[in-house]
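**Q** dropping the sequence and predicted coords here.
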Amino acid sequence: MKRTQFMLTRVLQGLVAILLIATVNFMLVRAAPGDPVSVLAGEAGASDPQFVAQLRAQFGLDQPLSTQLATYVGKVVRLDLGYSYRQQQPVLKLILDRLPATLLLTGSAFALSLLFGITLGALSARRAGTWVDSAITVVALLFYATPLYWLALMAVLVFTVQLEWLPGFGLMTVGSGHTGFALVLDVAKHLVLPALTLALFYMAVYARMTRAAMLEVAQMDFVKTARAKGVRPGRILRAHVLRNALLPVVTLAGIQAGGMIGGAVLTETVFAWPGIGRLMFDALLQRDYSLLLGAFLVTAAMAVLFNLITDLVYTLVDPRIELT
Amino acid sequence: MKRRNLIQMGAAATAGLTLAGVPLHLLAAGRKGGTINAVVQPEPPGLMLGITQNGPTQMISGNIYEGLLRYDEKITPLPSLATAWTVNKEGTLYTFKLKPGVTWHDGKPFTSADVVFSADVFLRKTHARLRANLAAVESIRAVDPLTVEFKLKYPFGPFIGIFEVGSMPMIPKHIYEGTDFATNPANATPIGTGPFKFKEWVKGSYIQLVANDKYHVKDVPLVDSVYFHVIPDAASRAAAFESGKVDLVPGGAVEYFDVQRLSKLPGVAVTTKGWEFFAPHSWLWLNNRKAPMDNVKFRQAVMFAIDREAMAKIAWQGFAKPATGPFNSNIKFHSTDVAKYPRNVETAKKLLAESGYKGETLRLLPLPYGETWSRQAEILKQNLAQAGIKVEMTATDVAGWNQRLNDWDYDLAFTYVYQYGDPALGVARNYTTANIAKGSPFNNVEGYSNPKIDELFDAGARETDPEKRKATYLQAQKILLDEVPVAWLLELNFPTLYRTKLNNIISSGIGLNDSLGTASIG
């Protein structure tokens, strides 16, 4: 009962937040200099007043800003994300077309970073002070500090251009006509470099965080008690130390997950991965208002959703936490 | 005039010896089949060439659509959908004979009705540049299914130069008549008469074209399929070329230092041909409305201060050469018999002192088109500083750059502009009083106004005799170089990077913006 009530309140709060975000986004996007028509006219290499006026009217930009805002919010309430005149497609379709590629990339990176991050962190904590610990710490620090963009380019230069081990561009081999298992394998090969590159940063963060939290928890009284009771060291580490050390990791994982939809612009750009991050970035440069706002909205909704999920996961990891 | 008509008819008659510019022995070698992988940058907003005319769209859709004429690197007209053309003595009536047996990709015949619809209805509504080019046209008439007449109100010197595929693409009347052109769902699946048909567009990944096996030139196209890959990062595009994923990189798609490096790889070549029609010309806008740019001495000082050789060599890695004035050397009536501005810091300082410039800081709006332009901006800033002109850079993106130029909100700003083969089409617009209007970064943005210049450009446009036009435009160039409304910088030679296994990728003065119909592999 308590849980249902909690969920309802949070969902309502989330909806209000999303609507507010939509309004603020609308104003923010309009504050940038230029509009989609000036960009289109600029690209055409020639324009005249008739051309500009025609496009403005077609895009609805000739209306007063307040009218445009009202129209936009009205559409958002009806779950209509609008139409991208630049791409000549509905915004929802554009986003949905790109969503699978992005989820595949960010999802794999999420899983990889959590898995390896926690494993390495735990290993590091268990062997604290040894060379294993030092090695893991140094590597984690290195990945944490290296710009993602540089790492991605180096991965392409080494593994695609020089060694020719893995494809470095796109989602699949274009024009190969692969189907079934061959297609899965092809996509998997294309996924390796971008997913690893994207995973490294968070992996480093998780490793460092897990290590620190585990070392802290290991000093606590209940761990000493367990040890005094004669519980096996492996079990102490897993059931007592690790589980209690995971809370900060879950918080961060929640943030990472919330950003999964829009947070991979650089990786997608370098690896020519056809995802939403690039769609958003291009839309920004082209002042494609409706597409940009649509992508922002979806991203915001995801962030709200994952915040909620994170709160639920807390209660699983630590049953003492209550939902209020 | 009469002699010119004969030559044109002659050119059309001999066209049979080469097919669309390809010597017959190449076609006879029978190198057919294969796939060309090219880079397109950025991803185009659409492929309907009648509606969208930006660079990437032209490069891809030049394979799908065709114009009545093509142009060689000297901007001489070649037959395309029109096989012969005549002009009356006064230069006011142009008659085109269309090629018989041409069909659209959906099988419908291409006729004079399509030409009239394209030029007079569709493009007049959607194509700003053509609208200006057609200002002199009184009527366009289909005489019979294979003959079209353009009747002009007054002679327009460059008229025969406005029929290439980007300037006047042929649009299928049966698909667009009576519809809202901009929102017609057919825009997503473009239908033309060209050697390649639209196959598939996976947004964010690639665009695929396939051979049109019903193409009206026998044995063309030679390859089966062309992919245009979307790779958004310049360094990744260079890596993609190096790794062999793509074999053809158009000008500007990778940074110039990478072009130099990649062109030295085995089996790789680079060419700067195929930009003659566009003749990309770059300069520095000087806002003539504001002090100190309103003073001709200050503007001349800027001209003397600039080290164009260094810009061409360092920023452009040799893929540019100093501009001598408002006319690119690839367009008609370019002359070097004008005032020269070799780099001379002392002269610049002297002129600056005479101009009364007091050391105020000027804002420079660079072009947000990557590393090359940033480097050029650094060089300019240094050059001007050496002469004593203080400059600070304004950060901007493409939309912001457009907006500031549209609103004349700048002191100094970079630009580059296509000149389309003829001063009346691509030069006059930047200097005549009639083109001082907000809202476009391609008209007279600097605000220069001189009745004599207006008169000369007007006379040059309305004259059809090449000798007379030459004299008129020489006078205009002399005045402009004395008054320096803008500071001309460089003629850009965009390099096309390709693997040598590709043959004949550039077959006309519009280069990759023409079709790859006669390109082959092997």
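**A** Nice, thanks for sending it over.

**Q** now the residue in the stretch 1-150 of chain A positioned nearest to chain B. Nearest residue, chain neighbours left out?
**A** For the stretch 1-150 of chain A, the residue closest to chain B is residue A:34, as judged by CB to the nearest CB, at 3.0 Å. The way it works is simple: take the backbone N, C-alpha and C, and place the C-beta from them, glycine included. Closest residue to residue A:34 in three dimensions, ignoring its sequence neighbours and counting by CB to CB, 6 or more residues apart in numbering or on different chains: residue B:399, at 3.0 Å.

**Q** what sits against that neighbour?
**A** By CB atoms under 8 Å, 6 or more residues apart in numbering or on different chains, residue B:399 lies in contact with A:32-35, A:38-39, A:42, A:285-287.

**Q** near chain A, which residues of the stretch 351-500 of chain B?
**A** Applying CB under 8 Å from any CB of the partner chain, we find that the stretch 351-500 of chain B lies next to chain A at B:396-404, B:406, B:417-418, B:429, B:437, B:439-442.

**Q** what about the helices in the stretch 251-400 of chain B?
**A** Assigned by DSSP state H, counting those that start in this stretch, the stretch 251-400 of chain B shows helices spanning B:256-263, B:296-305, B:308-310, B:345-355, B:371-387, B:398-406.

**Q** hang on, the earlier thing: mind picking the two most distant members of the contacts of residue B:399?
**A** Taking CB to CB, the two most distant members of those are A:32 and A:42; they sit 14.7 Å apart.

**Q** residue B:498 and residue B:279, how far apart?
**A** Distance of residue B:498 to residue B:279, computed by CB to CB, to the nearest Å: 21 Å.

**Q** adding distance to residue A:86 and mean pLDDT, write the helices of the stretch 251-400 of chain B out as JSON lines.
**A** Listed next are the helices of the stretch 251-400 of chain B as JSON lines, based on distance: least, CB to CB, whole Å; pLDDT from 0 to 100:
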{"stretch": "helix B:256-263", "distance to residue A:86": "29", "mean pLDDT": "93"}
{"stretch": "helix B:296-305", "distance to residue A:86": "37", "mean pLDDT": "97"}
{"stretch": "helix B:308-310", "distance to residue A:86": "36", "mean pLDDT": "96"}
{"stretch": "helix B:345-355", "distance to residue A:86": "44", "mean pLDDT": "96"}
{"stretch": "helix B:371-387", "distance to residue A:86": "24", "mean pLDDT": "94"}
{"stretch": "helix B:398-406", "distance to residue A:86": "12", "mean pLDDT": "90"}
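
**Q** now those as TSV including distance to residue B:143?
**A** As requested, those are exported to TSV (distance: least, CB to CB, whole Å):
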stretch	distance to residue B:143
helix B:256-263	49
helix B:296-305	51
helix B:308-310	50
helix B:345-355	59
helix B:371-387	49
helix B:398-406	42
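
**Q** leaving out sequence neighbours, find the closest residue to the one residue in the stretch 151-300 of chain A that gets nearest to chain B.
**A** When scored by CB to the nearest CB, the stretch 151-300 of chain A has residue A:274 as its residue closest to chain B, at 3.1 Å. Closest residue in space to residue A:274, ignoring its immediate chain neighbours: residue B:204 at 3.1 Å, by CB to CB, 6+ apart.

**Q** SS state for the one you found?
**A** Under the three-state scheme (DSSP: H, G, I helix; E, B strand; the rest coil), residue B:204 adopts coil.

**Q** could you do residue B:487 as well?
**A** In three-state terms, and counting by three-state DSSP, residue B:487 is strand.
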